[in-house]
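1. 3D, please:
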Amino acid sequence: MTHEGKQQKPDSGRQHSDSKVDPTQTDIGLASQASLMDIMRLQSVIGNQAVQRLLDRRQLQDKNRLSRRLDDEPRYTHADKTEAPPTPEAVGLPSTADSARNPNAMDDYLSPQTQKSLDLEKTLSLANPQNEEQRAALRSDLERLVRLNALGLMASHRAHVTYSRDQLLDSRRKQEVASQPSDRSTTAFAEMRLAANAVKQLNEKLEELENHRNHMHYAHSHALRGEVNDSIGEMNEHAPQYMTDDVRAALAGSFNSAQQNGNYNLFALGASRYLLNWRNQQIFGVKQGISRIFEQFPVFAKLDAEDIVAGDYESDQRLMEATQQAYSAILGDVDDAIRDIATNDIHPFDLPRAVEVTRSSLPQPVQQALNQAIEQREMNRFWLNMGLTLLEAMIVFIPVVGPVIAVGMAAGQLGMNLEDMLDRLSQAEAATDPFDSPMGVQAPGAFEWTMLGVQAAMTAFGAVQVFRSLRGVPVPEQPVPELEGKPQFRESQGANVPAGDPVVDPFSGEVLGQTSASARTPRSLNTAIRADVGESAAYKASLQRGEIGLQRPGGANVPGADFITAELDANGKVSQIIVNDAKTSIRGQFPTPEAPGAWTKWNAEVQQAIAPGRLNLGDPALEAEIRQAYAQGRVRLRQLNVDYSPNGQGNISGW
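-> Next up, the predicted model:
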């Protein structure tokens, strides 16, 4: 995102403490900081025409202008003048095309930033602000220093990524791979394959430990409610795993004391809290182990280690190609994050690690100025969120005009929330550590995206009510027309092969189905749940295209073919059997497909899917055509790419 089109604020020369404000020029930034009674009084002073003028100026609907107005007011330079945010061209940032032509373009841009940071740090260290006004005058330089330090941190991160890439893809290893048949696996990437297996095992251990930790939370909750038996039951089931002798001895001593004084509730409270902390320590250790591997192999940030272990890259040639693509994607994300920082697309105060580095390098008086600037920005953000809600509550009392402004405010706030989340996502995607990022910025979690969707739905619902009220008549609901020519899905009765653990109703004991995927960590939401959804979507899309389902998806992490279908020609005859490999990505990047003939590694599954007694379409002639296609070798492997990136929106390609 660039900042083109944003207007530079004129230098009013006003004092922010004593100046009087013309009520007709009052903007939403002032109104959002008032109490409800003040806002209502303000409305009575400026009238509906002034409110309409606010709407016409689109101060509420233009999220970029509104966020800049609230977040960056006031912004000072040494001359006490405002400054416009830099554009990529203004700061000399290389574009993506520039980087493609010159791989060193971004390094050339980053090299002088360190010296600029040192020079500015030296200048600021001589400052000695004594009051609030003097501290405020330093804000622009402090923002710039934080931004420069952030670029320095990103330069170091980028250098680490390129170094690990060059080590892993050195000329010796490339020659070794090139000298072998393209379908063979040698020792060239043996260390990387071992590391991938270690990541897979550690991730499995992490999920197991986090599950046990969750049950320690349950145990502690039971203890708080006095449910001692339930608390001890949870601990008995979920505490013994990986318990060391010292932990066992500590629990035994505590339990003996409880037996002597008869206070088992106190034991349950203390033991559950103790075991919860102990599990946290174990989880921290496992995460540290995973981080160490990712530090040595940043490529795993894009190239899923579990895919390597599962055999998706059996040959070194395919693994090397996938590794090259993964490193290109990582460096692309790093460069995008650098551009966001350099152009102030993400505010420097939203980069915790850069703020920490800056604060530690400054003398105490200037640190206070930095703290004041950050606190002021946080206060503005608070009033942005709270104040708009107060305005919305007040403005519904304004006839006709009020509801329109309310929708404008909701839309503006929604846009700013989305922009903030996308900025965080951009910084987090530049990370190569699954639990940390160079700037200390965490990607929005599933809960935040869900709540944003709820907010969008509520805003849309509010808009509907506004437009209904403006028209003065209710909008009748339109009946949903019957679909004509509904697609006829055909699937073998033996297509469903249970692969996961059964899901059992705890009350009736009825088996409701099988578990196809589960997730206990944010990462596994993508590697398990999202991948499972992607496989199902690809299978349904295949059936919608008229293919015949021979074997359904069994689960994203289940070994074997993802699903198997049979394709018909224009005359309705079976043309071929397709063994499908569904790849799901939230970044829009996919591995190079294997050759169509590589389906043979799943030959046993194909034979089972078309075996008599399992292949059952209720049409013996069609079943015979499918078996004949197999006998004649009309079978191929197909990779379907399910793109859940912001641009992909679930698009499926590879047909």
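
2. what's the closest non-adjacent residue to Pro596?
-> In space, Pro596 comes closest to Arg636 once its chain neighbours are excluded; the distance is 3.9 Å by C-beta to C-beta, 6 or more residues apart in numbering. C-beta here means a position set from N, CA and C on the backbone, and glycine is covered the same way.

3. which strand residues bridge that neighbour?
-> Beta-bridge pairing for Arg636 (DSSP bridges): Ile578.

4. shouldn't it be in contact with Ala595?
-> No. Counting by C-beta atoms under 8 Å, Arg636 does not reach Ala595; the two are 9.2 Å apart.

5. name the residue in the two with the higher neighbour count.
-> More neighbours surround Arg636 than the other of Arg636 and Ala595, with 15 against 11 (other C-beta atoms under 10 Å).

6. how about the contacts made by that one?
-> Arg636 makes contact with 576-579, 596-597, 599, according to C-beta atoms under 8 Å, 6 or more residues apart in numbering.

7. Pro593 versus that one, what's the distance?
-> 11 Å (C-beta to C-beta, to the nearest Å).

8. show me where the chain dips below the pLDDT cut-off.
-> Scanning the chain for pLDDT under 70 picks out 1-89, 182-186, 380-426, 428, 442-488, 499-501, 504-509, 512-527, 557.

9. hmm, Leu266 is touching Ala258, no?
-> Yes. Counting by C-beta under 8 Å, Leu266 touches Ala258, with 6.7 Å between them.

10. neighbours of Ala155, how many?
-> With other C-beta under 10 Å as criterion, Ala155 counts 20.

11. also Glu234?
-> As a burial measure, Glu234 scores 25 neighbours (other C-beta under 10 Å).

12. using PDB, write out every CA atom in the helix or strand Asn603 falls within.
-> Element membership for Asn603, per DSSP states H and E: helix 603-609. Provided in PDB are the C-alpha atoms of helix 603-609 (Å, rounded to 0.1, in the frame of the first residue of the first chain):
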ATOM      1  CA  ASN A 603      -1.200 -48.100  -7.100                       C
ATOM      2  CA  ALA A 604      -2.400 -50.300  -4.200                       C
ATOM      3  CA  GLU A 605      -5.000 -47.700  -3.300                       C
ATOM      4  CA  VAL A 606      -6.300 -47.500  -6.900                       C
ATOM      5  CA  GLN A 607      -6.600 -51.300  -7.000                       C
ATOM      6  CA  GLN A 608      -8.500 -51.300  -3.800                       C
ATOM      7  CA  ALA A 609     -10.800 -48.500  -4.900                       C
END
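
13. so what does it touch, helix or strand wise?
-> Here helix 603-609 touches strand 548-551, strand 563-568, strand 574-585, going by 3 or more C-beta pairs under 8 Å, 6 or more residues apart in numbering; DSSP states H and E.

14. tell me the buried residues in stretch 573-589?
-> 574, 576-587, 589 (16 or more other C-beta atoms under 10 Å).

15. what does stretch 351-371 give?
-> Buried, per 16+ other C-beta under 10 Å, within stretch 351-371: 351, 353-355, 357-359, 361-362, 366, 369-370.

16. so which of those are in helices?
-> Per DSSP state H, helices hold the following members of the buried residues of stretch 351-371: 353-355, 357-359, 361, 366, 369-370.

17. how about the residues you listed, which pair is most distant?
-> Arg353 and Ala369 (19.8 Å; C-beta to C-beta).

18. Three-state assignment for Glu133, please.
-> helix (DSSP: H, G, I helix; E, B strand; the rest coil).

19. skipping adjacent residues, who's closest to Gln130 in space?
-> Excluding its sequence neighbours, the residue lying closest to Gln130 (C-beta to C-beta, 6+ apart) is Pro365, at 7.6 Å.

20. now that neighbour: how far from Ala137?
-> 13 Å.

21. got any residues that touch both of the two?
-> In contact with both Pro365 and Ala137: Pro129, using C-beta under 8 Å, 6+ apart.

22. make TSV out of the helices and strands packed on helix 603-609 and add distance to His222.
-> Shown next, in TSV, are the helices and strands packed on helix 603-609 (distance: least, C-beta to C-beta, whole Å):
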stretch	distance to His222
strand 548-551	44
strand 563-568	43
strand 574-585	38
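
23. quick revisit: mind listing what's buried in the helix holding Asn603?
-> Buried-residue list, helix 603-609, by 16+ other C-beta under 10 Å: 605-606, 609.

24. now for the longest helix along the chain, which elements pack on it?
-> When the chain is parsed with DSSP H, its longest helix is helix 190-224. Counting contacts by 3+ C-beta pairs under 8 Å, 6+ apart, helix 190-224 packs against helix 228-238, helix 264-296, helix 305-309, helix 316-342, helix 522-524.

25. quick check: which of the ones you listed is nearest to Ile652?
-> Among the helices and strands packed on helix 190-224, helix 305-309 sits nearest to Ile652 (C-beta to C-beta), with 18.5 Å.

26. alpha carbons only: can I get that closest one in CSV?
-> The C-alpha atoms that make up helix 305-309 are tabulated as CSV, following Å, rounded to 0.1, in the frame of the first residue of the first chain:
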residue,chain,number,x,y,z
ALA,A,305,8.3,-30.2,6.8
GLU,A,306,5.4,-32.7,7.1
ASP,A,307,5.1,-32.8,3.3
ILE,A,308,8.8,-33.7,3.0
VAL,A,309,8.4,-36.5,5.5
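
27. got a list of contacts for that helix?
-> By C-beta under 8 Å, 6+ apart, helix 305-309 touches 192-193, 195-197, 199-200, 203, 313, 319, 527, 557, 591.

28. name the residues of stretch 608-621 that come out as buried.
-> Applying 16+ other C-beta under 10 Å to stretch 608-621 flags 609-610, 615, 617 as buried.

29. how about stretch 269-276?
-> 269-272, 274-276.

30. the closest residue to Val146 other than its chain neighbours: neighbour count?
-> Distances taken as C-beta to C-beta, 6+ apart place Pro348 nearest to Val146, at 3.9 Å, with adjacent residues excluded. The local packing of Pro348 (other C-beta under 10 Å) involves 22 other residues.
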